[in-house]
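Undergrad: sequence and computational prediction follow.
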Amino acid sequence: NKKIASHKKKSISSELHGHHQHLIHASSSDPIMLKFSILILFAAYTIVESFAPQSSLAAIPGKTSHNLSKTPPTMMSNDSLSNSQHILFDMPVSNNGARCRIILYKKEIPTDQVEIISPTVIGGLKSDAYLQRSPQGLMPCLSIQKPGSDMNHLAESDTIARYLLSEYSDLSPSFQPENPRSNQICRWHDVYLTPIQGCLYKPASRLPVGDYADRKSALKAFRKNLEIIEGFMSDDGVYLCGKEVSLADATLFPTAIFSNFMLPKFNSDGEEVSDPLPPKLSKWFHELRASDPVFTKVYDEIMEVLVHSWEEKNHRWDSIWLAGQRDTAPATIFDKIIAGEIPATIVKEDEHILAFKDINPMAPAHILVIPKDRNGLTNLRQASLEHTDILGRLLVAAGEIAKDESLGFGDGARIVVNDGPDGRQEVMHLHVHVLGGRKLEGKLG
């Protein structure tokens, strides 16, 4: 078809050239006829162009593609934007944007079709210029500049990826956009992994992540969902869905880079260092990284930033709880009560808190409420935004206990937290005292 189209174009172009000369000569003495002839010729040449073969954008002479053998696309740092048909706003460390870059690299889409530009060129993720394109201020974002499009911008990586697969469907590989296995993996990744991946690298000030109130529970859920995704994998071939690359590979591989690098930082002290990825996923990840040049390229792009900027330069994980910061205080008597090694009169319990009667009561009703997982809370001064959820649970439990008449409480209670030696704290495991059963003295301290 390409040869036929090319032949037709040459044949018609040759014939038009003859008509061109004839029309210009015949109308040279009539200005109106001359203008009319020029319009006819312009329309004719436009029609001829429609015969041009268009099945391989990467083969267009003089066009720069994202082919690994050529100069890779650069993240622009000047104030000029691209004349390309599309602009992909993204940076190398973006694991969600990386799925789109994998498509560009594998399909060898030329930079005159899609140019990668850093959001910093227009002021950064939170600038008005970027927010007009991507209202959540997240990467990636695709600006559509080609004539005739009824959409100016696309946000969210899956939407962008599927647009690119549709727009450049004539370029291989297809990435199997209709493969149900691939779509299941992509959907599970975007619904259950992406919203909580921040537990791997975000500081306490940016918690909670997703539906999880603390980092520890989010990390547990993150690992669990990797195991679930592993169950969706094909057993045949180097790719997630078999012998052909799919959108699932482009989607999950960048997140696997994050997981492989970051999850070991959260291993408990003394815990045996094992592969951070489930076995089948680990095999897929390492084989793909070694065997496919595009995936190797994306691995290097992301790791360059994670290692040299996030870790070595900015020491990102030094201050993150459960990574650079750990609970190293010795166990207390409360740990033995929680474990059932020491008896206690328990009055309230759930998966987060335990409440029991004080063995040396200071009032007719005296209950202690403690977190089951101390998680660094030796005392209240150790609390951070990592502990917001458990602190709230402790106070809610204390309030519920204070109105329980069966425990001896009447019209109110005194709820106290002793902190450190000056506060007369005796057990270095945060606990809330709930005292009542009579009118308490007014003096405190």
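TA: Ah, there it is.

Undergrad: would you map the strands across the stretch 151-300 of the chain?
TA: Under the criterion DSSP state E, counting those that start in this stretch, the stretch 151-300 of the chain carries strands at the ranges 153-155.

Undergrad: figure out how far stretch 99-117 is from the centre of its chain.
TA: Centroid displacement of stretch 99-117 relative to its chain, using CA atoms, centre = their mean, to the nearest Å, is 20 Å.

Undergrad: with stretch 141-160 instead?
TA: Taking mean C-alpha positions (CA atoms, centre = their mean), stretch 141-160 and its chain are 20 Å apart.

Undergrad: and residue 397, what helix or strand is that in?
TA: Secondary structure assignment for residue 397, by DSSP states H and E: helix 388-402.

Undergrad: elements contacting that helix?
TA: Contacts defined by 3 or more CB pairs under 8 Å, 6 or more residues apart in numbering; DSSP states H and E place helix 388-402 against strand 346-349, strand 353-357, strand 365-371, strand 414-416, strand 432-436. The way it works is simple: take the backbone N, C-alpha and C, and place the C-beta from them, glycine included.

Undergrad: other SSEs contacting the third one?
TA: Counting by 3+ CB pairs under 8 Å, 6+ apart, the packing neighbours recorded for strand 365-371 are strand 353-357, helix 388-402, strand 432-436.

Undergrad: show me the contact partners of the longest one.
TA: Same thing as helix 388-402. Contacts of helix 388-402 with the rest of the structure, by CB atoms under 8 Å, 6 or more residues apart in numbering, involve 207-208, 213-214, 347-348, 352-353, 355, 367, 369-371, 373, 375, 377, 383, 407, 409, 412-413, 415, 430, 432, 434, 436.

Undergrad: what pLDDT, on average, does it get?
TA: Rounded to a whole number, the mean pLDDT of helix 388-402 is 97.

Undergrad: quick check: angle from it to strand 353-357?
TA: Our comparison of helix 388-402 with strand 353-357, counting by axes from the mean of the first three to the mean of the last three CA atoms, to 10 degrees, yields an angle of 30 degrees.

Undergrad: just want the angle from helix 388-402 to strand 432-436.
TA: 20 degrees.

Undergrad: restrict helix 388-402 to CA atoms and write it as CSV.
TA: Extracted C-alpha coordinates of helix 388-402, given in CSV (Å, rounded to 0.1, in the frame of the first residue of the first chain):
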residue,chain,number,x,y,z
THR,A,388,-2.5,11.6,64.4
ASP,A,389,-4.9,8.6,64.0
ILE,A,390,-3.8,6.7,67.1
LEU,A,391,-3.9,9.8,69.3
GLY,A,392,-7.4,10.5,68.2
ARG,A,393,-8.4,6.9,68.9
LEU,A,394,-7.0,7.1,72.4
LEU,A,395,-9.0,10.2,73.3
VAL,A,396,-12.2,8.7,71.7
ALA,A,397,-11.8,5.6,73.8
ALA,A,398,-11.1,7.6,76.9
GLY,A,399,-14.3,9.6,76.3
GLU,A,400,-16.4,6.4,75.9
ILE,A,401,-14.9,4.9,79.1
ALA,A,402,-15.6,8.1,81.1
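
Undergrad: list the buried ones in it?
TA: Using 16 or more other CB atoms under 10 Å as the burial criterion, the residues of helix 388-402 that qualify are 389, 390, 391, 393, 394, 397, 398, 401, 402.

Undergrad: from those residues, which is closest to residue 252?
TA: In terms of CB to CB, no member of these lies closer to residue 252 than residue 389, at 29.3 Å.

Undergrad: could you measure from the closest one over to residue 370?
TA: With the distance defined as CB to CB, to the nearest Å, residue 389 ends up 15 Å from residue 370.

Undergrad: just the buried ones from the contacts of helix 388-402?
TA: Buried by 16+ other CB under 10 Å: 207-208, 213-214, 347-348, 352-353, 355, 367, 369-371, 373, 375, 377, 407, 409, 413, 415, 430, 432, 434, 436, out of these.

Undergrad: Throw the buried residues of helix 388-402 into CSV and include distance to residue 279, thanks.
TA: Putting these into CSV (distance: CB to CB, whole Å) gives the following:
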residue, distance to residue 279
389, 33
390, 33
391, 38
393, 36
394, 39
397, 41
398, 45
401, 46
402, 50
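
Undergrad: out of these, who's nearest residue 285?
TA: Nearest to residue 285, judged by CB to CB, of the buried residues of helix 388-402 is residue 389 at 32.4 Å.

Undergrad: now do the residue most central in space within the chain, the pLDDT please.
TA: By CA atoms, centre = their mean, the chain has its centre lying nearest to residue 194, at 4.4 Å. In the predicted model, residue 194 carries a pLDDT score of 97.

Undergrad: identify the residues contacting it.
TA: With contacts defined as CB under 8 Å, 6+ apart, residue 194 is in contact with 96, 255.

Undergrad: pLDDT weak spots in the stretch 101-250 of the chain?
TA: Per-residue confidence for the stretch 101-250 of the chain (pLDDT under 70) gives no ranges below the cut-off.

Undergrad: residues contacting residue 255?
TA: Contact analysis of residue 255 by CB under 8 Å, 6+ apart lists 95, 189, 193, 194, 197.
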